[in-house]
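> Generate coordinates for the sequence data below:
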Amino acid sequence: METTIKKRRKSTLFAIRGDIHRRTYMSGVVLIVVLVLAFWSLLSYGNFVNRTFLPTPDQVLRQFVIQLQSAVFWHHVGISIFRVGAGFLLACLLGIPLGILAGTFRFAEALLVPPTEFIRYMPATAFIPLIMVWAGIGEWAKVIVIFIGCFFQLMLMVADNTRSVSNDLLQTSYTLGANRWQAIEKVLIPALLPDLMNTMRLIIGWAWTYLVVAELVAASSGLGFSIMKAQRFLNTDLIFVGIIAIGLLGLLTDRTFAYCHRRFFPWLEGGR
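Residues are numbered from 1 along each chain as shown. Next up, the predicted model:
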C-alpha cells in the first residue's frame, strides 16, 4: 500500500502540467534558495573569490540593514519606483488601445504591426543619445527609456491577446443583436482581460530590468544610480544590496499582479 502511494506521488510530481501539493512547491522554492546561498557562501567564505569582488552573505545582509535605516536609500527607492511606474503606465496608456486596435481590425494591423515589429528589435540603450537630445537629461528622459523598452513589446502582445479571443464569441454576439462596437465593448474586451493582465505582469518585469539603463542618463538618484556609484568605488556589497532591492521590488509588483489575477478572474488557474 505504501509503495503504491509513493509511486502515485512520484508520478504526480513528474506529470506534465500535473498539480503538486503547495508544501511540495514551497519546498522546491526553499531548496533552490538554500543551494544558491550555499554556493555563494562556499565561494566567499572559502576565499575562492576575493571578497572585494564577491562579498559574503553576512556582509551584504549587514549593508542591507544599514541601508534600510538610511533616508538616502529610501529616496533612491522612491524615485526608482516613480520612474518605473511612469514609464510602464505611459506604455499601457498608449500600447493597450493600439494593441486592441491592431488585433481587432486588419487595416490597423497593417499600419501598426510591421513598423512595431521592426522597432522592437532595436535596444532601448541605442535611443539614449536621441532621448538626451530630444528630452534633455531630466526625469522625463529616464521615463522615456523605460517607456521605449516596454511599449513596442506591449502593443504586439496585446494585439496577440486580442486575436486569441474566440471568433465564435463575436459571432454569437452578432446573432444576439449586438453591433460592432457593442461586440468590442461587451465581448471582445472582457474576454481578453485575463490574458491582458498576464501581459501587463510580464511587461512590468521588463520595466524593472530597464531601470539601471534608464538611470545611466545623467542620473543623480535612484537604485540604478546607486549601483553604478558603488561600482566606481568597488563597493560590491552595495551593488548586491541595489540588485536585491530591485529584485524585491520587482517581485512585489509581480505578486501584486498575480493576486489581482486571482482576485478578478478566480475561475482561471493562471496568475499564480
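> make it CA atoms for all contacts and neighbour counts henceforth
Will do.
> Might you report the residue contacts of the residue nearest to A110 when sequence neighbours are not counted?
Setting aside the residues directly before and after it, A110 is nearest to A102 in space (Cα to Cα, 6 or more residues apart in numbering), at 7.9 Å. Contact analysis of A102 by Cα atoms under 8 Å, 6 or more residues apart in numbering lists 108-110, 112-113, 159.
> Closest to D168 out of those residues?
Among the contacts of A102, A159 lies closest to D168 (Cα to Cα), at 18.0 Å.
> residues in contact with the closest one?
98-104.
> let's go with 7 Å and repeat that
Contacts for A159 (Cα atoms under 7 Å, 6 or more residues apart in numbering) come out as 99-100, 102-103.
> a markdown table for those, including secondary structure?
Listed next are the contacts of A159 as a markdown table, based on DSSP: H, G, I helix; E, B strand; the rest coil:
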| residue | secondary structure |
| --- | --- |
| G99 | helix |
| I100 | helix |
| A102 | helix |
| G103 | helix |
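> Among these, which one has the most neighbours?
When neighbours are taken as other Cα atoms under 10 Å, the top entry among those is G99 (27 neighbours).
> Could you measure from it over to L112?
9 Å (Cα to Cα, to the nearest Å).
> Equivalent analysis for G250, please.
Distance, G250 to L112, by Cα to Cα: 30 Å.
> How about F73?
For F73 relative to L112 (Cα to Cα), the value is 41 Å.
> same thing with V29?
V29 is 41 Å from L112, by Cα to Cα.
> Settle it for me: which of those two has more neighbours?
Neighbour count, other Cα under 10 Å: between V29 and L112, L112 has more, with 17 against 11.
> residues contacting F53?
Neighbours of F53 in contact, by Cα under 7 Å, 6+ apart: T236.
> Could you give the secondary structure assignment for it?
Criterion first, three-state DSSP; result for F53: coil.
> Got the phi and psi for it?
Dihedral pair for F53: phi -100, psi -30, per degrees, to the nearest 10.
> Report the separation between the residue lying closest to G103 once chain neighbours are set aside and I204.
If the residues on either side of it in the chain are set aside, G103 comes closest to A159, at 4.2 Å by Cα to Cα, 6+ apart. Between A159 and I204 the computed distance is 17 Å (Cα to Cα).
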